[in-house]
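> Generate coordinates for the sequence data below:
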Amino acid sequence: MIGNILKKLVGKSDKKPKEESKSEKLAENLRKKSEELTQFLGDKMESVREEYFSIREKTKNLRQTNYDLGMKHLENGHVDEAIIRFKIIRKFWPDVVDAKYQLAYCLVLKEKFKEAKKVLDELLSKNPDYDQKAHDLLDHINSLQESTNA
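Purely as a prediction, here's the structure:
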């Protein structure tokens, strides 16, 4: 009974301090976890940002890299690999006329005359003043097709 009177005078029960300490611990744990999450997300965002700029820098040279690789493959006799490179350029950078010519040339080497003729027709219809070698290659394809049909 004296314990109850003291509790009323002090205004606190035995249970309240325990509950407050539990809620304080919970609040502190939530605060810590929130700080950890914020730090984690900040680190990840920085990592994503760095990766984005790295990829962006690498893609600046992608067209030229593919062209150079195509030419290197062609020089080394790897015509199929060269065709892949020039087709990539044709797909993503259709204004690169030199790649179209090189693609047509490679296709002629693989005796894919119909496909090569289509590429050259596309090239010369948009760029009639392109290098004479494209006109010569087209004439060569036409003469091969005429001799085959004769």
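> so F53 is in which element?
helix 15-60 (DSSP states H and E).
> Show me what secondary structure element comes after that helix.
helix 62-75.
> quick one: average confidence on that following helix?
The pLDDT scores in helix 62-75 average 95.
> and P128, backbone torsions?
Backbone torsions of P128, given as degrees, to the nearest 10, read phi -60, psi -20.
> Would you quantify the distance from it to Y101?
Per Cβ to Cβ, to the nearest Å, P128 is found 14 Å from Y101. Yep, even glycine has a C-beta here, placed from its N, CA and C like the rest.
> And the two? Which one has more around it.
Y101 (21 against 9; other Cβ atoms under 10 Å).
> residues contacting the nearest residue to that one once chain neighbours are set aside?
Setting aside the residues directly before and after it, Y101 is nearest to A134 in space (Cβ to Cβ, 6 or more residues apart in numbering), at 5.2 Å. A134 makes contact with Y101, A104, L120, L123, L124, according to Cβ atoms under 8 Å, 6 or more residues apart in numbering.
> please redo it, this time with the cut-off set to 10 Å
V97, D98, K100, Y101, A104, Y105, V119, L120, L123, L124, N127, P128 (Cβ atoms under 10 Å, 6 or more residues apart in numbering).
> quick one: it from V119, how far?
Counting by Cβ to Cβ - A134 and V119 are separated by 10 Å.
> shared neighbours of the two, anything?
Common neighbours of A134 and V119 (Cβ under 10 Å, 6+ apart) are K100, Y101, A104, Y105.
> my read: the first one touches K91, true?
In other words, K100. No - here K100 lies out of contact with K91, judged by Cβ atoms under 10 Å, at a distance of 11.2 Å.
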